[in-house]
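Student: dropping a prediction and its sequence here:
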Amino acid sequence: MNRSMKVEEGLMIIDEAIQKVKKIVEGFPETKFTTEEYMKYHACVYIMCDKPLAGNEALLYGKFKKGLEDIIISSVLPSLVAKENEFLLKEFVHMWSNYKIMVRWLCRFFEYLDRYYIPRHGLVSLTEASIDCFCNLVFSGLANRIQLAATSLINQERYGQLIDGKLLQDVMGIFMEIGQNGSPSYYETIERAMLGETANFYSRLSSELLLCDSLTDYIQKVNWCILQEKERADHYLHPTSVVKLLQVVRFQLLDLNANKLLEKQKSENCSQLDYQEILSKCACLNFGEDSSTSTLVESLCSSMAQSAHIH
């Protein structure tokens with residue numbers, strides 16, 4: 001490649017590379033680059049940056065981010081905005097997978113920036129910039145819809161419906177992956193939404209069970225509910241989230257109903273010894289929670305109760 005290449009010529013070559021990687025998020029993740037193409041794009045960036053006084057490094061760094069923004073706005077967002085519920089989650093997982101493939105190719109072409117320009121100026125890496133771009137443009141507008149779709153799937157499974165557990169696992173994995181980048185913790189946000197929905201679900205269930213079940217039956221159903229929740233949550237949640245989830249279930253079914261359970265004990269002539277024996281069957285409800293988890297659960301359930309009282 002001509003080392004005396006003009007800036008305009010170099011930018012045209014970069015645009016060519018960006019247009020080709022765009023095909024990956026447009027539904028062609030198998031898009032390949034020949035050795036000649038790879039060398040062409042990589043050498044173009046190198047030659048343009050080999051003139052530090054020309055300011056081309058900053059120009060290319062901006063070009064990289066602008067290229068991602070344009071691709072997300074023109075290809076990623078339209079495909080997501082048109083979807084709802086489980087279809088939105090599937091498209092979200094699909095788009096994120098293709099987006100990462102595309103970014104890997106672009107990062108190879110712009111490797112010079114990651115190796116020299118970015119460390120020298122204390123900028124975020126190309127990979128971090130790509131995640132930030134995705135968060136700013138996709139999550140800012142769709143995070144709530146994605147959270148609602150995910151919590152809806154969880155509730156469907158609670159009611160005995162078959163769901164795509166792998167899909168739910170993939171969605172949660174993306175939230176965690178993005179959070180590890182130092183971006184706003186979207187996983188914590190969806191976790192809190194999920195815990196709030198869990199609190200609502202088991203608050204309603206406890207009211208129903210207390211009306212018609214004996215103390216023994218109630219405790220047995222509590223135990224069954226928690227075992228079922230753990231089995232389901234282990235498939236798609238981080239272990240720390242599983243602990244919080246089970247704490248919410250116990251808090252709603254047992255802790256908040258302690259007085260009512262004592263009343264049942266008395267009305268059913270169940271001795272204190274029998275009552276303690278029944279509760280001991282729920283020894284598995286000690287999940288090894290720490291104080292921060294307990295505080296979160298109590299705060300969450302308190303907020304939920306206050307909201308219910310207001311309405």
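Tutor: Arrived safely. Numbers count the residues shown, from 1 in each chain.
Student: wait, what's in contact with Ala149?
Tutor: 84-86, 88-89 (C-beta atoms under 8 Å, 6 or more residues apart in numbering). C-beta coordinates here come from the backbone N, C-alpha and C atoms, glycine included.
Student: which pair in these spans the largest distance?
Tutor: Pairwise distances across the contacts of Ala149 (C-beta to C-beta) peak at 9.7 Å, for the pair Glu84 and Leu89.
Student: more crowded one of these two?
Tutor: Comparing Glu84 with Leu89 by other C-beta atoms under 10 Å, the one with more neighbours is Leu89, at 23 against 12.
Student: helices or strands up against the helix or strand where the more buried one lies?
Tutor: When elements are assigned from DSSP states H and E, Leu89 belongs to helix 85-109. Applying 3 or more C-beta pairs under 8 Å, 6 or more residues apart in numbering; DSSP states H and E, one finds that helix 85-109 contacts helix 7-25, helix 35-49, helix 56-71, helix 77-81, helix 126-134, helix 140-158, helix 165-179.
Student: could you give the angle of the last one to helix 126-134?
Tutor: Relative orientation of helix 165-179 and helix 126-134, computed by axes from the mean of the first three to the mean of the last three C-alpha atoms, to 10 degrees: 110 degrees.
Student: isn't Lys230 right up against Val242?
Tutor: Yes - contact status for Lys230 versus Val242: in contact at 6.5 Å, counting by C-beta atoms under 8 Å.
Student: point out where the stretch 101-250 of the chain drops to low pLDDT.
Tutor: The model of the stretch 101-250 of the chain has pLDDT under 70 over residues 181-184.
Student: give the buried residues for the top helix by length along the chain.
Tutor: Identified as the longest helix of the chain according to DSSP state H is helix 186-212. Within helix 186-212, the residues that qualify as buried are 186-187, 189-191, 193-203, 205-206, 209-210, counting by 16 or more other C-beta atoms under 10 Å.
Student: picking up where we left off before, among the helices and strands packed on helix 85-109, which comes closest to Val249?
Tutor: Val249 sits nearest to helix 140-158 of all those, at 10.6 Å, using C-beta to C-beta.
Student: excluding its backbone neighbours, what's nearest Ala193?
Tutor: Excluding its sequence neighbours, the residue lying closest to Ala193 (C-beta to C-beta, 6 or more residues apart in numbering) is Gln147, at 4.7 Å.
Student: correction: the previous question concerned Leu254.
Tutor: Computed as C-beta to C-beta, 6+ apart, the closest residue to Leu254 that is not its neighbour in sequence is Val222, at 6.2 Å.
Student: one more: Cys44?
Tutor: Ile13 is the one closest to Cys44 (C-beta to C-beta, 6+ apart), at 4.5 Å.
Student: domain-wise, how is this structure divided?
Tutor: 7-184, 192-310 (automatic domain parsing).
Student: any idea how far Leu59 lies from Cys49?
Tutor: 9 Å (C-beta to C-beta, to the nearest Å).
Student: ok, now Glu84?
Tutor: Using C-beta to C-beta, we find Glu84 at a distance of 45 Å from Cys49.
Student: what do you get for Ser140?
Tutor: Here the criterion is C-beta to C-beta. By it, Ser140 lies 32 Å from Cys49.
Student: more crowded one of the two?
Tutor: Taking other C-beta under 10 Å, Ser140 and Cys49 do not tie; Cys49 has more neighbours (22 against 9).
Student: isn't that one right next to Ile118, touching?
Tutor: No - between Cys49 and Ile118 there is no contact under C-beta under 8 Å: 11.2 Å.
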